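# Sequence plus the predicted model coming up.
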Amino acid sequence: MKIYVCKDYERMGRVAANYLAAQINIKPDSVLGLATGSTPVGMYKELVKKYESRDISFKDIVTFNLDEYVNLPKENINSYYTFMHENLFDKIDINPENINMPDGNAKDFDSYSKEYEKAIALKGGIDLQVLGIGNNAHIGFNEPGEYFSKETTVVDLTRSTIDANSRFFDSIDEVPNQAISMGIGTIFKSEKIILLASGKTKAEAIKNTVNGPIDPHVPASILQLHKNVLLIIDEQAASLLDKNCYETV
Ligand code: GLP
């Protein structure tokens, strides 16, 4: 696991966008796994700038998003569908047919989840997966538990995640208590993974991810076993790490 520590959120976004742009330039038909949340917003802004200055094009890029709330209409301001369109898809030249997002309103989640897995496999798997991390070290919406989830499935959100995500909703009662998420197994099959984290509230999760034992109660800790993971985090998120274990960029 390689770790880049950036001075602040803005720098983190630029470093992550440079990494994605390099991937897009070397493989213009890359399959990208994309994340939501406040953490990757700066990276998406930088990617849009790179698209506008013709540094990169998304015309042959295929995307698969990590997760979506269950039973939230996709037009809802807090759906990840809306988030992705507002922050990225509506501002770039991606072919809408190449956008894949889990459907939080699917009729039959079991068969839908299998289809989502199949669709990823049909595209040859994910070349580069972007991750954020929850305060409790969840990735996607894979919450701490007794085992590492394997494939895309519906998950119950923990109180800690509902509390953390309630800042985007008018009231905590509006936060869905379930989501559909790629599994840890799905994420793990990606060729390369970058995980972004910013701010003091993520410092403990980052410390446990990097130094702690691999434990399903710290879902991101499994990334220690992946062959190509880069953490791009800011100084506050890195504040509990040993200075010898990262590079400052
Ligand atoms: C949500 C998303 C995760 C994201 C996490 C952190 O739970 N499902 O993919 O990493 O929030 O969000 P933020 O970046 O806003 O801290």
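Done, it's in.

# near the ligand at all, stretch 128-148?
Yes - counting by Cβ under 6 Å from any ligand atom, the ligand is contacted by stretch 128-148 at 132-134, 140-141. Where you see a C-beta, it was placed from the backbone N, CA and C, and this is true even at glycine.

# Any chance of those residues in CSV with pLDDT as columns?
Compiled in CSV, those are given as follows (pLDDT from 0 to 100):
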residue, pLDDT
G132, 98
I133, 98
G134, 95
G140, 96
F141, 94
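
# Which member of those is positioned nearest the ligand?
Sorting the residues of stretch 128-148 next to the ligand by how near they are to the ligand, with Cβ to the nearest ligand atom, puts G132 at the top with 2.5 Å.

# That closest one contacts I194, correct?
No - counting by Cβ atoms under 8 Å, I194 is not a contact partner of G132; they are 10.3 Å apart.

# Let me see the contact set for the nearest residue to M1 once chain neighbours are set aside.
If you skip the residues right next to it in sequence, M1 has V229 as its closest partner in space, 4.9 Å away by Cβ to Cβ, 6 or more residues apart in numbering. Taking Cβ atoms under 8 Å, 6 or more residues apart in numbering as the contact definition, V229 lies against 1-2, 192-195, 223.

# Repeat that for A35.
Residues in contact with A35, defined by Cβ under 8 Å, 6+ apart, are 65-66, 130-132, 140, 196.

# how close does the residue nearest to A238 when sequence neighbours are not counted get to the ligand?
Computed as Cβ to Cβ, 6+ apart, the closest residue to A238 that is not its neighbour in sequence is V5, at 4.5 Å. With distances defined as Cβ to the nearest ligand atom, to the nearest Å, the gap from V5 to the ligand amounts to 17 Å.

# does V5 count as helix, strand or coil?
Taking DSSP: H, G, I helix; E, B strand; the rest coil as the rule, one finds V5 in the strand state.
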